[in-house]
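A.B. asks: okay, predicted coordinates and the sequence, questions at the end:
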Amino acid sequence: MGADPLDGKGWGLILKYVLNYQTPLDLAFQALSDPTRRAIMERLAGGPATVSDLARPLPMSLPAVMGHLKVLEDSGLVRSQKVGRVRTCRIEPKMLSEAEVWIGERRVLWERNLDRLGTWLDETKSEGEQS
Amino acid sequence: MTVQIAVKRSVVHGSFTITRNWPHPPAKVFQAFADRDAKDKWFAGGPDLTRLSREFDFREGGREHVAGRWKTGVVSTFDSIYLDIVPNERIVYSYTMHLDDRKISVSQACIELKPDGEGTKLIVTEHGDFLDGYDDAGSREHGTNFLMDALGKSLEA
């Protein structure tokens, strides 16, 4: 069915939450703020690749590419494995798990509700409370 | 009009905590959870949801129910049972969420109210089991595209 109760605005709020709080996604966003690293991610989205495969089309030295790969690995977006002298990189799909999407969605619903509750509390005078 | 779709069974476990501080005493905040009219002002609604049905029985063993239609046409249904109520201090309830006929989650929520000077510190903790996933979530492409889209939007902002 694929329908979702959150319209575009809802996803925007989730994004706002994700961007405003310290989450593992912070590192991922930082890692993706660089065009070379985005190019590497796009290449890896097609399947695993060796470091030299990844470096070949890039206009920079191998150590520079390895520096970018380290940022991607530290962010959790990419993981690599060395077999013999060949290091192979792949995207780590767990970075954006269903759980994170779900928790983000449920959190946003709570945040919206609590925003409304806070407003309601401010606007409602209870007994004995000074205006 | 019922279409049978094979459902891939799965469970994802998650939990989170939200904290708020308000300059209002715990008794007043508790009332916003305990009184139906007060709760209707802020819970499970807002301008995007058209209320379809509502039940509210705030006592241990009592049930609460909200069903509403979102602008997208999807009907979401919240069914809960109150398991623990300590006036002005704590509320624990367990609930299911449905989207249309699909049960998407079973959760437990704990609301704690702690005095904080003249005001209240509110702590919401949820543990949930998210059932049977989104349609194609979890694929590498999906995750990557989500990140890329999110990044793009963040750069536009």
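C.D. replies: That came through, no problem.
A.B. asks: next helix or strand past the lengthiest strand in chain B?
C.D. replies: Using DSSP state E to assign secondary structure, the strand with the most residues in chain B is strand B:102-116. Proceeding C-terminally, strand B:102-116 gives way to strand B:119-131 as the next helix or strand, assigned by DSSP states H and E.
A.B. asks: give me the below-cutoff pLDDT ranges for chain B.
C.D. replies: By pLDDT under 70, the weakly predicted segments of chain B are B:1-8, B:44-47, B:133-157.
A.B. asks: now do the buried residues in the longest strand of chain B.
C.D. replies: Taking 16 or more other C-beta atoms under 10 Å in any protein chain shown as the neighbour-count basis, strand B:102-116 is seen to contain the buried residues B:104-105, B:107-113. For every residue, glycine as well, the C-beta is placed using N, CA and C.
A.B. asks: between these, which is nearest B:E55?
C.D. replies: Proximity of the buried residues of strand B:102-116 to B:E55 was ranked by C-beta to C-beta; the top entry is B:A109 with 17.3 Å.
A.B. asks: ok, now which ones touch the closest one?
C.D. replies: Taking C-beta atoms under 8 Å, 6 or more residues apart in numbering or on different chains as the contact definition, B:A109 lies against B:92-95, B:124-126.
A.B. asks: try it again with 10 Å
C.D. replies: The neighbourhood of B:A109, defined by C-beta atoms under 10 Å, 6 or more residues apart in numbering or on different chains, consists of A:106, A:110, B:80, B:83, B:91-95, B:124-128.
A.B. asks: drop anything exposed from those.
C.D. replies: When those are checked for burial by 16+ other C-beta under 10 Å, the buried set is A:106, A:110, B:80, B:91-93, B:95, B:124, B:126, B:128.
A.B. asks: same list, these, but as a markdown table with distance to A:A45 please.
C.D. replies: Formatted as a markdown table, the entries for the buried ones among the contacts of B:A109 read as follows, by distance: C-beta to C-beta, whole Å:
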| residue | distance to A:A45 |
| --- | --- |
| A:R106 | 28 |
| A:W110 | 33 |
| B:S80 | 41 |
| B:I91 | 45 |
| B:V92 | 43 |
| B:Y93 | 42 |
| B:Y95 | 37 |
| B:V124 | 36 |
| B:E126 | 33 |
| B:G128 | 30 |
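A.B. asks: mind checking which of the residues you listed are in strands?
C.D. replies: Applying DSSP E to the buried ones among the contacts of B:A109, the entries found in strands are B:80, B:91-93, B:95, B:124, B:126, B:128.
A.B. asks: from the residues you listed, list the ones also adjacent to chain A.
C.D. replies: The overlap between these and the neighbours of chain A (C-beta under 10 Å from any C-beta of the partner chain) comes to B:124, B:126, B:128.
A.B. asks: from the residues you listed, which single one is nearest A:L114?
C.D. replies: Distances from A:L114 to those, taken as C-beta to C-beta, are shortest for B:V124 (7.4 Å).
A.B. asks: enumerate every residue touching that closest one.
C.D. replies: B:V124 sits next to A:107, A:110-111, A:113-114, B:16-20, B:91, B:109-112 when contact means C-beta under 10 Å, 6+ apart.
A.B. asks: hmm, try it at 6 Å
C.D. replies: With C-beta atoms under 6 Å, 6 or more residues apart in numbering or on different chains as the criterion, the residues that contact B:V124 are A:110, B:18, B:111.
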